[in-house]
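S.K.: Pasting the sequence and the predicted coordinates here, then a few questions.
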Amino acid sequence: EKDFAKSFPLFKKGCDAKDGFFCKYVGDAFANGEGVKKDAKAAQKFYKKACDLGDQFGCAFADVKK
C-alpha cells in the first residue's frame, strides 16, 4: 500500500534539488490530494516547474508547450 504522507517529503526534496521528475510527482500529489491537501493551483506550480526543468509529462499537465 502506498503511504503518500511519508513519500511526499521525499518527492518535495527531489524537486527542491531541481529534478523535474520529482516536481511532476509533487504536482500529482497536490492535484489528487495524496499526502497533502488537494490544491489545483499548487499542482500547476509544480507541473510548470517540472516542465521548466525538462520533464515532458510536467509540460503536458501544465499545458505548456516546450
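M.R.: Thanks, I have it.
S.K.: got the residue ranges for the helices in this structure?
M.R.: According to DSSP state H, the chain carries its helices in the segments 4-16, 20-32, 40-52, 56-62.
S.K.: can you give me the offset of the shortest one from its chain's centre?
M.R.: To tie it back to what came earlier, the one meant is helix 56-62. Distance, stretch centre to chain centre, for helix 56-62: 10 Å (Cα atoms, centre = their mean, to the nearest Å).
S.K.: Show me where the chain dips below the pLDDT cut-off.
M.R.: 1, 64-66 (pLDDT under 70).
S.K.: mind putting the helices of the chain in a markdown table, mean neighbour count included?
M.R.: Bear in mind the C-beta positions are built from the backbone N, C-alpha and C, glycine included. Putting the helices of the chain into a markdown table (neighbours: other Cβ atoms under 10 Å) gives the following:
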| stretch | mean neighbour count |
| --- | --- |
| helix 4-16 | 15 |
| helix 20-32 | 22 |
| helix 40-52 | 19 |
| helix 56-62 | 19 |
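S.K.: Residue 22 contacts residue 11, doesn't it?
M.R.: Yes - with contacts counted by Cβ atoms under 8 Å, residue 22 reaches residue 11, the gap being 4.9 Å.
S.K.: For the residue lying closest to residue 18 once chain neighbours are set aside, give me phi and psi.
M.R.: Once flanking residues are discounted, residue 18 sits nearest to residue 53: 5.9 Å by Cβ to Cβ, 6 or more residues apart in numbering. Here is the backbone geometry of residue 53 (degrees, to the nearest 10): phi -90, psi 0.
S.K.: How many neighbouring residues does residue 53 have?
M.R.: Residues lying near residue 53 (other Cβ atoms under 10 Å) number 16.
S.K.: thought residue 12 was touching residue 27?
M.R.: No - shown here, residue 12 and residue 27 do not form a contact pair, counting by Cβ under 8 Å, at 10.9 Å.
S.K.: tell me the contacts of the residue nearest to residue 18?
M.R.: Taking Cβ atoms under 8 Å, 6 or more residues apart in numbering, we find residue 53 in contact with 18, 19, 20, 23.
S.K.: ok, of those residues, which one's closest to residue 2?
M.R.: Closest approach between the contacts of residue 53 and residue 2, by Cβ to Cβ: residue 23, at 18.9 Å.
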